[in-house]
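Colleague: build me a model:
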Amino acid sequence: MTRLGAVAAVLLTSLVSGATAAAPDPVEEIREEALHATRALELVRSLTMEVGPRSAGSDGDRRAVAWAVERLAASGFDRVWTEPVTVPHWVRGQASAEIVAPFPQSLVVTALGGSVGTPEAGLEAEVVRFETVDDLEAAPADAVRGKIVFLDGRMERRRDGSGYGETVPNRGRGPAAGSEKGALAVVIRSVGTGTHRFPHTGGTRFAEGVQRIPAAALAIPDADILAHQLEMGKPVRLRVRLTSRFLADAESANVLAEIQGSERPGEIVLLACHLDSWDLGTGAIDDAAGCATVVEAARIAGRHRPRRTIRVLLAANEEHGLSGARAYAAAHEEEIAGHVLAFEADFGAGAVWAYASAVNPAAEGFLAASQAALAPLGIEYAGTEARGGADLIPLRQALVPLADLAQDGTYYFDYHHTADDTFDKVDPEALAQNVAAHAVLAWIAAHTDDELRPAPPREDG
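Modeller: Below you'll find the predicted structure:
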């Protein structure tokens, strides 16, 4: 054993609750149990095949909440409960698009979340192309008014998924920017990396006072068709028809469960995911796999009676506005100071390859022990810039300590937000490795003598 390995072993042993140096270390047992368990895969199978799509406010959303309560209650948690969340209820409806001139051709398209519908007969106009929403915002209004905007930025495939962050502003801000310039509608090249003819949906945002306009995503091969015709230099006319609409807000719920700490029950290690999904696929990688991961990780870690409480949050409506995340922060405002670490599984089912933290720098024992426990799973340490997932944004703003278990996203955006997000895309071995990583990190955080608070200040809030 190397000197570093010997030090790590001592640190791991020292984490055991008030223990002597000779006390057994459960980390290896937790890791091995998780790697060989199959319950997480069965949870993904059940949620995707028995509940299916579960967009906010839908019947599927309500079925998912009932499913989660039943499954968590059967998983050995000390407490399972729901907390009400008001969510928007947007209905996708039908979508079609076709190039009218110069070379007529039908295109595969889907509405973006939050889009309004077109007139019943659709709308037709000349297309104006921009690479990015920044280019659109810089364009004179006369170049846009009365036209259909095509945002043609192409996402790059990367293991860390960073190409998504660079391209997704076209979806998030693009339709509102087009509206402010007088566009009749906005269509985007899907924010994804696949080559199959599946458009990628996702939410778009309109600020208060900005008129909503029809907004849609073209499948990547169909965006290529539109781009090619525009490159020929002739005016291109597009007809788009959407029947999207908003219904009245609906009631959903966050679903929570916890295993109470044996010594410090008021200190909480939070594992999060989101229970909702878009409606095109069955939400297997986004985010049934994440929910299965955190539920199983908490269950396995909790079998070794941690000193702190381990809690799971299955958040409502991450996809269309983070309603559950905000509701959780509001409902638990008085105990946020007791959250000692939070991390989220919401990046598919690819294997975890990197671990980052944002905890009290003085927690050297925790940092060394967690790195040592994750290393056998092939996970490297990536530093102190952890940001947490989308459902942890309110907790990040409150300076709750965070961890990131970065999953391999090389192929995630081939399927993300498409009809192809289905159970068969989940690799059982990678899912098991995710459970193992989350379980050992949860147990170490729930058991360490180190104080993980306060987290370092963050410039981004």
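
Colleague: what stretches of this structure score poorly on pLDDT?
Modeller: 1-24, 460-461 (pLDDT under 70).

Colleague: apply 50 and report the result again.
Modeller: Applying pLDDT under 50 to the chain picks out residues 1-23.

Colleague: outline the domain layout of it.
Modeller: Segmentation of the chain into domains, based on automatic domain parsing, reads 3-90+249-447, 93-243.

Colleague: distance to A455 and mean neighbour count added to these, as a markdown table?
Modeller: To be clear about C-beta, it is placed using only N, CA and C from the backbone, and glycine gets the same treatment. Putting the domains of the chain into a markdown table (distance: least, C-beta to C-beta, whole Å; neighbours: other C-beta atoms under 10 Å) gives the following:
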| stretch | distance to A455 | mean neighbour count |
| --- | --- | --- |
| domain 3-90+249-447 | 4 | 21 |
| domain 93-243 | 22 | 19 |
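
Colleague: P456 is nearest to which of those domains?
Modeller: With C-beta to C-beta as the criterion, P456 lies closest to domain 3-90+249-447 of the domains of the chain, at 6.4 Å.

Colleague: show me where the stretch 201-350 of the chain has helices.
Modeller: For the stretch 201-350 of the chain, the helices defined by DSSP state H, counting those that start in this stretch occupy 220-231, 289-302, 323-331.

Colleague: send me the longest one as CSV with only the CA atoms.
Modeller: Once non-C-alpha atoms are left out, helix 289-302 reads as follows in CSV (Å, rounded to 0.1, in the frame of the first residue of the first chain):
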residue,chain,number,x,y,z
ALA,A,289,-32.4,7.1,-13.6
GLY,A,290,-31.5,10.0,-11.3
CYS,A,291,-34.5,9.3,-8.9
ALA,A,292,-33.6,5.6,-8.8
THR,A,293,-30.0,6.5,-8.1
VAL,A,294,-30.7,8.7,-5.1
VAL,A,295,-33.5,6.5,-3.6
GLU,A,296,-31.3,3.4,-3.7
ALA,A,297,-28.2,5.3,-2.6
ALA,A,298,-30.0,6.7,0.5
ARG,A,299,-31.6,3.3,1.2
ILE,A,300,-28.2,1.5,1.1
ALA,A,301,-26.3,4.1,3.1
GLY,A,302,-29.1,4.3,5.6
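
Colleague: and it, how far out from the chain middle?
Modeller: 16 Å (C-alpha atoms, centre = their mean, to the nearest Å).

Colleague: now do that helix: which elements does it pack against?
Modeller: Here helix 289-302 touches helix 27-36, helix 39-46, helix 59-73, strand 245-259, strand 264-274, strand 308-315, helix 428-447, going by 3 or more C-beta pairs under 8 Å, 6 or more residues apart in numbering; DSSP states H and E.

Colleague: H417 is nearest to which of the ones you listed?
Modeller: Comparison of the helices and strands packed on helix 289-302 against H417 by C-beta to C-beta identifies strand 264-274 as nearest, at 13.1 Å.

Colleague: in contact with the residue nearest the centre of the chain, which residues are there?
Modeller: Centroid-nearest residue in the chain: D346, 3.7 Å away (criterion: C-alpha atoms, centre = their mean). By C-beta atoms under 8 Å, 6 or more residues apart in numbering, the contact set of D346 is A272, C273, H274, D286, D287, G290, E318, G389, A390, D391.

Colleague: kindly report the same for I220.
Modeller: Taking C-beta under 8 Å, 6+ apart as the criterion, I220 is in contact with R189, S190, G192, G194, T195.

Colleague: could you redo the last one with a cut-off of 6 Å?
Modeller: The contact partners of I220, by C-beta atoms under 6 Å, 6 or more residues apart in numbering, come to S190.

Colleague: how near is it to R311?
Modeller: The spacing between I220 and R311, counted by C-beta to C-beta, to the nearest Å, is 39 Å.

Colleague: what of L275?
Modeller: Distance of L275 to R311, computed by C-beta to C-beta: 15 Å.

Colleague: repeat for S190
Modeller: S190 is 36 Å from R311, where distance means C-beta to C-beta.

Colleague: from L238, how far off is the closest residue to R239 other than its chain neighbours?
Modeller: Spatial nearest neighbour of R239, excluding adjacent residues (C-beta to C-beta, 6 or more residues apart in numbering): E124 at 4.3 Å. Separation of E124 from L238 (C-beta to C-beta): 7 Å.

Colleague: just E318 next, same as before
Modeller: With C-beta to C-beta as the criterion, E318 and L238 are 32 Å apart.

Colleague: check which helix or strand Y164 maps to.
Modeller: Y164 is part of helix 162-167, with elements assigned from DSSP states H and E.

Colleague: show me what secondary structure element comes after that helix.
Modeller: The helix or strand immediately downstream of helix 162-167 is helix 169-172, counting by DSSP H and E.

Colleague: show residues contacting that next one.
Modeller: V133, L151, G153, I188, V191, G202, T204, R205.

Colleague: what about these, which are in strands?
Modeller: Using DSSP state E, the members of these that fall in strands are L151, I188.

Colleague: how near is the nearest residue to A446 once chain neighbours are set aside to A272?
Modeller: Counting by C-beta to C-beta, 6+ apart, P306 is the residue found nearest to A446 once chain neighbours are left out, at 3.4 Å. Plainly put, P306 is 17 Å away from A272 if you go by C-beta to C-beta.

Colleague: swap in C291?
Modeller: C291 is 9 Å from A272, by C-beta to C-beta.

Colleague: now T195
Modeller: T195 is 32 Å from A272, where distance means C-beta to C-beta.

Colleague: and for D224?
Modeller: As judged by C-beta to C-beta, D224 and A272 stand 37 Å apart.

Colleague: T86 touches S252, doesn't it?
Modeller: No. At 7.6 Å, T86 does not count as touching S252 under the criterion of C-beta atoms under 6 Å.

Colleague: who touches A272 in this structure?
Modeller: L313, E344, D391.

Colleague: redo that, cut-off 10 Å
Modeller: Counting by C-beta atoms under 10 Å, 6 or more residues apart in numbering, A272 makes contact with 254, 256, 287, 290-291, 294, 311-315, 318, 324-325, 328, 342-346, 388-392, 395.
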